[in-house]
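Student: when you get a sec, could you give me coordinates for this:
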Amino acid sequence: METVTIIGAGASGLACMNTLLNHNQFDIIILEQSDKPARKILASGNGRCNVSHKNIDISAYNTDHPVIRRIIEQFDVHLFFDQLSLKLRNLGDLIYPYSLSSLSVKNALLKQQERVSLLENCEAERIVKEDRYKIMTSQGTFYSDKIVIATGSPANHLSGTHNLEMLKSLKVHCVPFSPSLVQLKTKPVLSALKGLRVKGKARLCDGEQLIDEKEGEILFTDYGLSGICIMQLSRFVKDVRQPVIELNLLPDLTKEDIDKYGIEGLFHEKIAKVIHERHLDPQRIVFSIKATLGIEKAQVCHGGVSLEEIDDSLQLKKYPGIYVCGEALDVDGDCGGYNLHFAFASGQYVARQIIGEKYVKNQ
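Tutor: Below is the predicted model of the structure:
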């Protein structure tokens, strides 16, 4: 049997593993550089694991690459987890395990781990092309017919920090990782409101030019701003010269409504006090963005293996038999299950490409 080595036991790697196991034609080795597989899955969605979104669309991602579009649109997340005996449920537009527990997702993905060789604390350090691929790791050397790079990104440092170092010697172009879906450092800082959450609308501007706007939860911190809609906008900050956030804390009210009820009748007392003391317009509070927090605080990262390096099978053009999936690719999306959706979808897709090749060889 052919040997397939999956580097990374996160969402994409485990989706690939489970799909390959359906055909029982491969010896599967999984190399995981941390001491626990699926660590990022356990941490996602505040422990509830938002696995996908009801309205999956390529516009939620940083690319409109036709292969990526096909992968995300054709993946059926309900069917995938049904086959792992895990029921899902919708909460609004978000899709969760029925249990609302990320542990259920991890357990479902690892249910068949006894059928593979899973090595923890094993960091892949270098890949060399010989008759087969030679993988040099912190636990020795492995030989493999095919390799799946499913290392994730260094976001939160939950899947390690040296995710694509093994590709350096192969001269594969990787877009440097940078934080995405991350909190913002601002000026001013409304530190008196630390920990308070409000619903509102946030606009990201380049000076006076609108880049994007989102509506949802805004969280005040002692360094600036967080919350879902802020994290969504943070994806675009790196490309903006003069990034500014404008907050409208009363997007559904008119000036007449505000005059009628007054600030005290509309806000938490701490927010009302800050608005009065700083003479703020609650429908347009302006913050300049000084920086984002670092990769260690990000939910996901920009960057990874350039899409120019892969073919329609997510296989490296220069190295047939090496595939890349999940966050190891330069693909990232909005909050709300988009990134996990792509991880599961691309892991399954790569496995199907490998299985298809096996069928062709056997004919």
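Student: return the helix or strand in the chain with minimum mean pLDDT.
Tutor: helix 338-362 (a mean of 87; mean pLDDT, DSSP states H and E).
Student: can you pull out the strands in the stretch 151-300 of the chain?
Tutor: For the stretch 151-300 of the chain, strands defined by DSSP state E, counting those that start in this stretch occupy the ranges 174-180, 184-187, 197-206, 209-220, 224-226, 243-248, 285-292, 300-305.
Student: same list (those) but as CSV, adding mean pLDDT, mean neighbour count and distance to Q25.
Tutor: Every residue, glycine included, has its C-beta placed from N, CA and C. Below are the strands of the stretch 151-300 of the chain laid out as CSV (pLDDT from 0 to 100; neighbours: other Cβ atoms under 10 Å; distance: least, Cβ to Cβ, whole Å):
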stretch, mean pLDDT, mean neighbour count, distance to Q25
strand 174-180, 94, 20, 31
strand 184-187, 98, 18, 48
strand 197-206, 97, 19, 49
strand 209-220, 96, 17, 46
strand 224-226, 98, 23, 47
strand 243-248, 98, 21, 51
strand 285-292, 97, 17, 45
strand 300-305, 95, 25, 26
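Student: any buried residues in the least confident helix or strand of the chain, and which?
Tutor: With burial defined by 16 or more other Cβ atoms under 10 Å, the residues of helix 338-362 counted as buried are 338-355, 357-358.
Student: any idea of the angle that helix forms with strand 174-180?
Tutor: 150 degrees (axes from the mean of the first three to the mean of the last three Cα atoms, to 10 degrees).
Student: residues touching the closest residue to V189 other than its chain neighbours, list them.
Tutor: The shortest distance from V189 to any non-neighbouring residue, by Cβ to Cβ, 6 or more residues apart in numbering, is to G224 (5.8 Å). By Cβ atoms under 8 Å, 6 or more residues apart in numbering, G224 lies in contact with 183-186, 189, 287, 289-290.
Student: do the same with N55
Tutor: D93.
Student: okay, it: pLDDT?
Tutor: What the model reports as pLDDT for N55 is 95.
Student: the chain should start at 41 in everything you say after this.
Tutor: Got it, the first residue is 41 from now on, which makes the last one we talked about N95.
Student: if we can go back for a sec, for the contacts of G264, give me CSV that also has distance to A100.
Tutor: Formatted as CSV, these follow (distance: Cβ to Cβ, whole Å):
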residue, distance to A100
Q223, 20
L224, 20
K225, 25
T226, 25
V229, 30
F327, 25
I329, 22
K330, 27
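Student: kindly indicate which of the residues you listed lies nearest P137.
Tutor: Nearest to P137 among these is Q223, at 26.5 Å by Cβ to Cβ.
Student: gap between T181 and R237?
Tutor: Here T181 is placed at a distance of 51 Å from R237 (Cβ to Cβ, to the nearest Å).
Student: correction: the previous question concerned F121.
Tutor: Distance, F121 to R237, by Cβ to Cβ: 31 Å.
Student: quick one: residues contacting the nearest residue to K169 once chain neighbours are set aside.
Tutor: The shortest distance from K169 to any residue other than its chain neighbours is 6.3 Å, reached at Y359 (Cβ to Cβ, 6+ apart). Applying Cβ under 8 Å, 6+ apart, we find Y359 in contact with 169, 210, 212.
Student: quick check: which element contains Y359?
Tutor: Assessed by DSSP states H and E, Y359 sits outside every helix and strand.
Student: any weak-confidence spans in the stretch 91-240 of the chain?
Tutor: Across the stretch 91-240 of the chain, the ranges flagged by pLDDT under 70 are 199-202.
Student: let me see the ranges of the helices in it.
Tutor: Remark: helices assigned in the stretch 91-240 of the chain by DSSP state H, counting those that start in this stretch are 106-114, 117-122, 142-149.
Student: so which bits of the first one are buried?
Tutor: Neighbour-count burial for helix 106-114, with 16+ other Cβ under 10 Å as criterion, is recorded at 107-108, 111-112.
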